[in-house]
Each structure stands twice: as structure tokens, then as C-alpha cells.
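K.L.:
The sequence and its predicted three-dimensional model are supplied below.
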Amino acid sequence: MKPSPMSLRAPSREFPKGWYCVADSKEVKVEKLLPVSWLGRDYVVFRDTQGLAKVADAYCPHLGAHLASHDGCIKEGRVICPFHHWGFDTSTGKCTDIPYAKVIPPVSLTFYEVREVNEQIVIWYHPEGLAPDREPYQSDLLKEREWVLFDSRSWTSSAPFCDILENLFDTAHILMLHHAHETPKLGNIEELDYGLKVDYIMDPDKSDQPMKSLTCHISGITLLVQHYEFVGTEALFVFSFTPIDHEYFVQRTHLYLLNNVSPEVMENIGKEFVDRFVMEVDQDMEVLNFKKHLTKPRLCDGDGPILRFRRYSNQFLEKEGV
């Protein structure tokens, strides 16, 4: 079965405002242009001479050549257009050199607001071009403790974008679709400057995994960090959700395990965790990729706090409505 067009399944045709991952930190090197396509646009991602991540419009403001096409490159701190070899400073974006001209016009590359958090390079998007009104969540745990990147996965999805994180609050589907031992219980839900902090109520004796706690940090509705505490170790899941266009988005997921157990134990824990996670995401996608976003769902008392999440998420969407 092929999914219906998104115009028939979701009320909004605009991307939500927020921070979007355009590349993993490890993908972006000094002196190298990385071409990417997200949010219906083309970008180049690179680092300036100080190693700071930059994201620019992929097309030269001179005559529209793609900066990463042919032999476009970074040389001596400048992005060199492959068409006429105009040079743009990697730190400011300003044109500083035109080999065949005596007068350099006041022209610059279009730069975007960039942050590098949780080993990801993210850019700010607002449908009206407004400046950021919040910062993305940065996990201090990831910076301050020793972690091992155990596995990375990605899915291309045709689910309504506004529904993907709502899935965390639909606790009944964990029991019915994923066949968990019991329905998860959400504890404190707190709106903070970056978005939402959500604590789950865990009982290691009743869970099919010896989990002591689970805390979710949601940046807007585009980024997610989950911190798991198990009996004896910990894990971090770092998620990003970035639209390719109005029909599809990519979910990227990185699993970090705390480096406090032997390699053998880590391998066993990680494999079990990843296998279960992949199975559940695959099950979700088999439903979410075809579902329609209902602005007025008919909920029952056994459903999780879906409307609580929708009241929060509406602030990031073009069209409001629960």
C-alpha cells in the first residue's frame, strides 16, 4: 500500500519552527564542503578555520552555481565557487576575492543560525524567517562523561511530522502494538526553555528490562535526547527528525552506552537494546507512515497525555488545533 499524499493526511503545509539536524558532527571536516538537502532546500555544511560549523545556501549569489559541484572547494579559508572562482570567507560569508575583477561587490553567502549540540549540527528554521526564540537542549552527560557510540540507525518516513513525537505520549500503543508487559506511566512533564522534560515512572521489578529511570528532553518538536538508567549502566539515545520535503522526513538515532562495563557486557546490553528498539520503530512505521493526523481525535481514559503534548506542540506549527 502506498501512503496518500501528505496534503490529505496533515493540516499544515509548512515546516514547524525549530532546530533541525542537517549533519552529524563527525561528517563535517575542515577544508571540505558537505552538500545536503533538507527542508526542501539545498545547503553546504563546512567548518571555518577555527573549526566552527557553518551552514550556507548551496548556491553562489553570483550566478547560482552549486558551490559543491564540479571542483567547488574550500581553500585558504575561503569557499571557492566552481563556476567563476569567487571566494567567500568561511567565517563571515563575505566575498573577498574575484580573480578577474578589480572591484568586489558587497555580496555574501546566505548563512543560517547554527548550533553544534549532542554531536549534531543543527540549524534554525522559522517559516517567516524570524530569529531563534530558544536554544536546543545540550546533554551535559554526553559532554562530561565517557560514552561509547554503540550504534546508529536512520529511517525515512512518510508519517505526519507533527505525529512522530506525539507517539511518546500515546502510551497505550506501547502495550497494544509493541506488546510490552504493561502500559508505561508518565510522571512529571515540565516545559522548560528548550522544550519539554518528561520523566517516566519505572519499576525495574515489573519491566521486561531492568530499567530504573527514563527521562526525555524534547527540543521543540524536532530533536530528542533520552537518558536511560539501568541496573549497572546507563544509555543515551540522541534523535533528530528532519524533513526532506513536505512528504518525507528522516529520523536519525544514535545510541550511546556509558563506558563503565566490560566490552562483552556492553555488547550484550547494546545488542538487546538495539534489537528491541529497531523492532519497535519498524512496527511504529508500519502504522505511522500511513496514518492521518486527526485534529479532533476521539480519545478514551486509557490513552496517554496526547492532548497535553498537542497543547505544547501547537506553538511550533503553522496551523494550530488539537
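P.N.:
Happy to help now that I have it. Please read all numbers here as calculations on a predicted model, not as lab measurements.

K.L.:
Kindly report the domain assignment for this protein.
P.N.:
Following automatic domain parsing, one gets these domains for the chain: 12-125, 140-316.

K.L.:
Let me know which of these is the nearest to residue 4.
P.N.:
domain 140-316 (7.7 Å; Cβ to Cβ). C-beta here means a position set from N, CA and C on the backbone, and glycine is covered the same way.

K.L.:
first to last residue in that closest one, what's the distance?
P.N.:
Terminal residues of domain 140-316 lie 25 Å apart, using Cα to Cα, to the nearest Å.

K.L.:
what kind of secondary structure is residue 180 in?
P.N.:
Secondary structure assignment for residue 180 (DSSP: H, G, I helix; E, B strand; the rest coil): coil.

K.L.:
And the domains of the chain, which one averages the lowest pLDDT?
P.N.:
Set side by side, the domains of the chain give their lowest mean pLDDT on domain 140-316, at a mean of 93.

K.L.:
quick one: it to chain centroid distance?
P.N.:
Distance, stretch centre to chain centre, for domain 140-316: 13 Å (Cα atoms, centre = their mean, to the nearest Å).

K.L.:
Bridged to residue 115, which residues?
P.N.:
For residue 115, the beta-bridge assignment (DSSP bridges) gives partners residue 122.

K.L.:
residues in contact with it?
P.N.:
By Cβ atoms under 8 Å, 6 or more residues apart in numbering, the contact set of residue 115 is 19, 121, 122, 124, 135, 136.

K.L.:
Of the residues you listed, which pair is most distant in space?
P.N.:
Of all pairs drawn from those, the one with the longest distance (Cβ to Cβ) is 121 and 135, at 14.5 Å.

K.L.:
who has more neighbours, those two?
P.N.:
Remark: of residue 121 and residue 135, residue 121 carries more neighbours, 23 against 14, as counted by other Cβ atoms under 10 Å.

K.L.:
shouldn't that one be in contact with residue 25?
P.N.:
Yes - assessed by Cβ atoms under 8 Å, residue 121 is found in contact with residue 25 at 6.1 Å.

K.L.:
Now residue 280: phi and psi?
P.N.:
The phi/psi pair for residue 280 (degrees, to the nearest 10) reads phi -70, psi -40.

K.L.:
in stretch 170-179, what's buried?
P.N.:
With burial defined by 16 or more other Cβ atoms under 10 Å, the residues of stretch 170-179 counted as buried are 170, 171, 173, 174.

K.L.:
Now distance to residue 82 and secondary structure too, for those residues, in TSV please.
P.N.:
Shown next, in TSV, are these (distance: Cβ to Cβ, whole Å; DSSP: H, G, I helix; E, B strand; the rest coil):
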residue	distance to residue 82	secondary structure
170	48	coil
171	52	helix
173	49	helix
174	51	helix
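
K.L.:
Reformat those as a markdown table; add distance to residue 143.
P.N.:
Converted to a markdown table, those look like this (distance: Cβ to Cβ, whole Å):
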| residue | distance to residue 143 |
| --- | --- |
| 170 | 32 |
| 171 | 31 |
| 173 | 33 |
| 174 | 31 |
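
K.L.:
Let me know how buried the closest residue to residue 116 other than its chain neighbours is, in neighbour terms.
P.N.:
Leaving out its chain neighbours, the residue that sits closest to residue 116 by Cβ to Cβ, 6 or more residues apart in numbering is residue 53, at 4.9 Å. Neighbourhood size, residue 53 [other Cβ under 10 Å]: 19.

K.L.:
now swap in residue 48 and tell me
P.N.:
A count of neighbours around residue 48, defined by other Cβ under 10 Å, yields 17.

K.L.:
What's the separation between it and residue 93?
P.N.:
Between residue 48 and residue 93 the computed distance is 10 Å (Cβ to Cβ, to the nearest Å).

K.L.:
Right, I'll leave it there.
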